[in-house]
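Asks: Mind folding the following:
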Amino acid sequence: MSEQTSYAPGTPSWVDLGSPDPDASARFYGGLFGWETTEAGPPEAGGYRMFTLRGKLVAGVGPLQAEGQPPAWSTYVSVDDADAVAARVGEAGGTVVMAPMDVLTAGRMAFFSDSVGAMLGVWQPRDHIGAQLVNEPGTLGWNELACRDIEAPKAFYGAVFGWEAETNPMDGTTYTEWKLGGHPVGGMIQMDEHWPAEVPPHWMVYFAVADCDASAAKAAELGGTVSVPPTTIAPGRFAVLGDPHGAFFSILTLTETPA
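Replies: Alright, predicted model coming up:
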């Protein structure tokens with residue numbers, strides 16, 4: 001079990017789902033991961049709710065905010081100053097899509113498009129630190145940028161978050177670990193010919209599971225889809241799934257549980 005009480009600035013700390021039907025999403029992810037869902041907050045929270053596991057916050061869910069917005073999981077990086085980060089985004093070649101704004105007393109957030117067009121959020125914590133449980137079955141396990149040009153993001157994220165990039169061969173392509181102070185905080189994979197041309201650069205959310213194959217089968221039973229079937233890779237076994245509304249996410253069973 002990995003309980004969190006804080007996150008170092010520059011560390012992915014939260015994920016949430018934009019859904020056309022949060023109640024249906026709650027049923028799907030509850031059946032898949034054992035999550036419970038809180039009641040919606042005050043009206044000014046816009047119907048945002050929290051997914052919990054054993055009473056600890058693990059992710060968020062809210063209704064879609066704009067016509068034509070696709071259902072999707074989003075990643076947020078913890079920062080100590082959302083406004084300063086937003087300024088660095090523009091200087092580094094990204095685009096601020098949602099300017100820094102306060103979210104009640106929970107924190108301050110912004111959303112941006114990086115130098116290759118992938119969307120990412122930042123979270124300046126106040127009352128809400130982010131996920132209270134990570135790196136155990138049913139919780140956030142990893143965040144990964146998938147893109148075709150891996151050099152531009154190295155410069156961009158180095159300037160914005162101070163990330164270092166360590167790239168090595170893996171399973172016929174390359175894999176980059178994002179590191180902060182020498183500690184891995186996320187990854188980047190280079191999209192090759194195996195990726196459909198219409199798939200844009202994106203941040204993928206990985207949830208840890210005890211049994212990748214069983215979880216993939218369960219997702220299908222619950223009305224989801226299996227986009228990439230359970231596959232063995234260097235760290236363990238993973239699959240890419242879609243929920244009933246088409247929001248994609250990955251699951252991963254590590255060969256060795258991190259200490």
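Asks: got the contact list for Leu120?
Replies: With contacts defined as C-beta atoms under 8 Å, 6 or more residues apart in numbering, the neighbours of Leu120 are Ser74, Thr75, Tyr76, Val77, Phe111, Phe112, Asp114, Trp203. Backbone N, C-alpha and C define where each C-beta goes, glycine included.
Asks: Present those residues as CSV; the columns should include distance to Pro244 and pLDDT.
Replies: Listed next are these as CSV, based on distance: C-beta to C-beta, whole Å; pLDDT from 0 to 100:
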residue, distance to Pro244, pLDDT
Ser74, 18, 98
Thr75, 21, 98
Tyr76, 24, 98
Val77, 28, 98
Phe111, 25, 97
Phe112, 29, 98
Asp114, 29, 98
Trp203, 21, 98
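Asks: Return the member of the residues you listed nearest to Val89.
Replies: When the contacts of Leu120 are compared for distance to Val89, the smallest value, 4.6 Å, is given by Phe112; criterion: C-beta to C-beta.
Asks: what helices or strands is whichever strand or helix holds that closest one leaning on?
Replies: Here Phe112, judged by DSSP states H and E, is contained in strand 107-113. Based on contacts counted as 3 or more C-beta pairs under 8 Å, 6 or more residues apart in numbering; DSSP states H and E, the elements that strand 107-113 packs against are helix 82-91, strand 95-103, strand 119-125.
Asks: Next secondary structure after the shortest one?
Replies: Going down the chain from strand 119-125, the next helix or strand is strand 133-134, by DSSP H and E.
Asks: How far off centre is that following strand?
Replies: Distance of strand 133-134 from its chain centroid, counting by C-alpha atoms, centre = their mean, to the nearest Å, is 13 Å.
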